[in-house]
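Engineer: below is the structure, and that's it, no one-letter string:
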């Protein structure tokens, strides 16, 4: 019963973490969209985006998750006289706060230092562009770190994951960053930053940096972006990460062939997903054909 | 610009400073754990050296690959440092020399692989890959020494719990200064000042970890946090002075001038 409950909880936490992670990266225009924000002043588009260039999403999220989980594990060991569930939750909150502090400092340093490097292109450093987006970014960062820490505890305590909680958090941080970068960005870079280009036309090299700098009213900022991406990009990221964690956890519930059971079940799942994906792509191409200008 | 570039520190210069001061810092802790608050100051140059190595390599147009080169190099250094846990206590005298010089050699080998196999065509690749790995090993050895290996007593938890944090925290502190300052106006002075700022921030984080890690490390943790905070405020002031000189214009709010 416990592994099944753990599987459901892990899937739920992973789904939530996916939403928060993608929104956090978009509030700070991290990862691939960051390259576009970075290039914009060079082609004359002076902007008011938050240029949070910490690193790629995988290592950055690995740091937030690992910091939160390490602090939480060390604190939970001190709180072990209390109810274990309460001690884990309180420790995870404190751990996530520490990692949010790091995220805030790294984010502020990046934005200021990157704008300073844009002197040649006459990019002004607008303080309100930083301070209006920062609380939103930190909120999503806190929720991501908190969800991933709880998910790591769930994997360690209910799903018998053999690794330590900080190591699980490290791997989950790398994974969610990779999925957020690969899946979430597609529904940000191509649709949000390039709305003045034909939908579905992709972003040729010649258009790199030619981003939208004006919004529905006034100049666009990094608070508008998660408002848009929460509707699709964040959900897609959550679906991809949530499904990955849920199916992986589900494979551990089966015990028909000893330790190899989960390997066999996972292999079967990958095969089914592969076949469905190929059929879906074939159907889509046959039904809608190639992009026509 | 040309006069500024003439004044730049070279990788070998920074590495020599980082190596000497880093070794002294680790040996100080090995000699007496109560010297940790002083030793923590001597480890900051190793962060600057690593950040400069990332800068040297990434300036050849790596762009988004800056992060990759950062965690590739730091992975080598941190892994070499973690091997120290497998050294037989009877041969403990080889530590930290074995790990730091081992990282230098393995870092150079990965640089050779990048040049000869992947054909990255970056002239400083071998040198700075070695410097990056070795400076990471110095920092990782310092944190291991501070938290576990030579400490008075570690009863609560096994050391391996902090390995992931040691690796990823050093990685971000080393790759971020250049990545966060990237652009046409980037210069070594501002990047290294940012590196010093983030070095003090990272040592402060490990001060907190020390407090939580073991009751025997309470005083060490508190003193490391205090020293790191002092460093943080000094370096923040220095870095922001450089930012003020380099930035085109500051404004509390407003719109960019019309483009058309």
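Structural biologist: Alright, I've got the coordinates. Owing to the predicted nature of the structure, the values given are computational and were not obtained by experimental measurement. Numbering: from 1, shown residues only, chains lettered A, B, ... in the order given.

Engineer: how many residues are close by residue 84?
Structural biologist: Going with chain A. Neighbour count of residue A:84, defined by other CB atoms under 10 Å in any protein chain shown: 12. From N, CA and C alone the C-beta is placed, and that goes for glycine too.

Engineer: oops, wrong one, chain B.
Structural biologist: Neighbours around residue B:84, by other CB under 10 Å: 21.

Engineer: ok, now how distant is it from residue A:86?
Structural biologist: For residue B:84, the distance to residue A:86 equals 37 Å [CB to CB, to the nearest Å].

Engineer: same thing with residue B:238?
Structural biologist: 44 Å.

Engineer: got it, and residue A:157?
Structural biologist: Going from residue A:157 to residue A:86 by CB to CB gives 14 Å.

Engineer: who has more neighbours out of these two?
Structural biologist: Comparing residue A:157 with residue A:86 by other CB under 10 Å, the one with more neighbours is residue A:157, at 15 against 11.

Engineer: could you pull out the helices for the stretch 101-250 of chain B?
Structural biologist: B:125-144, B:163-181, B:188-213, B:218-246 (DSSP state H, counting those that start in this stretch).

Engineer: tally of neighbours for residue 148?
Structural biologist: No chain in the question, so chain A it is. 33.

Engineer: can you look at chain B instead?
Structural biologist: Residue B:148: 20 neighbours (other CB under 10 Å).

Engineer: shouldn't it be in contact with residue B:159?
Structural biologist: Yes. Taking CB atoms under 8 Å as the definition, residue B:148 is a contact partner of residue B:159 at 4.1 Å.

Engineer: what residue in the stretch 51-200 of chain A comes nearest to chain B?
Structural biologist: residue A:117 (2.8 Å; CB to the nearest CB).

Engineer: that residue: what's it in contact with?
Structural biologist: Going by CB atoms under 8 Å, 6 or more residues apart in numbering or on different chains, residue A:117 touches B:181-186, B:246.

Engineer: how about the backbone phi and psi for the nearest residue to it once chain neighbours are set aside?
Structural biologist: Nearest-residue entry for residue A:117: residue B:183, 2.8 Å, with adjacent residues in sequence omitted and distances by CB to CB, 6 or more residues apart in numbering or on different chains. Phi and psi for residue B:183, reported as degrees, to the nearest 10, are phi 150, psi 170.

Engineer: neighbours around residue B:183, how many?
Structural biologist: Using other CB under 10 Å, residue B:183 has 22 neighbouring residues.

Engineer: over to the one 5 residues further on?
Structural biologist: As a burial measure, residue B:188 scores 22 neighbours (other CB under 10 Å).

Engineer: pretty sure it sits against residue B:10.
Structural biologist: No. In this structure, residue B:188 is not within contact of residue B:10 by CB under 8 Å, at 10.1 Å.

Engineer: next, count neighbours for the residue nearest to residue B:172 when sequence neighbours are not counted.
Structural biologist: Leaving aside its chain neighbours, residue B:172 sits nearest to residue A:63 (5.0 Å; criterion: CB to CB, 6+ apart). Using other CB under 10 Å, residue A:63 has 30 other residues around it.

Engineer: contact partners for residue A:63?
Structural biologist: Residues counted as contacts of residue A:63 (CB under 8 Å, 6+ apart) are A:99, A:102, A:173, B:168-169, B:171-172.

Engineer: tell me the pLDDT of residue B:3.
Structural biologist: Per-residue confidence (pLDDT) for residue B:3: 44.

Engineer: can you list the low-confidence ranges for the chain?
Structural biologist: Going with chain A. Residues of chain A meeting the criterion pLDDT under 70: A:30-32, A:187-191, A:200-202, A:291-293.

Engineer: actually it's chain B I care about, not the one you picked
Structural biologist: Ranges of chain B meeting pLDDT under 70: B:1-6, B:63-64, B:149-157, B:258-260.

Engineer: how close does the residue of it at minimum distance from chain A sit to residue A:42?
Structural biologist: In chain B, the residue found nearest to chain A is residue B:183; the distance is 2.8 Å by CB to the nearest CB. Distance of residue B:183 to residue A:42, given as CB to CB: 9 Å.

Engineer: go on, residue B:40?
Structural biologist: For residue B:40 relative to residue A:42 (CB to CB), the value is 40 Å.

Engineer: more neighbours: which of those two?
Structural biologist: Taking other CB under 10 Å, residue B:40 and residue A:42 do not tie; residue B:40 has more neighbours (27 against 15).
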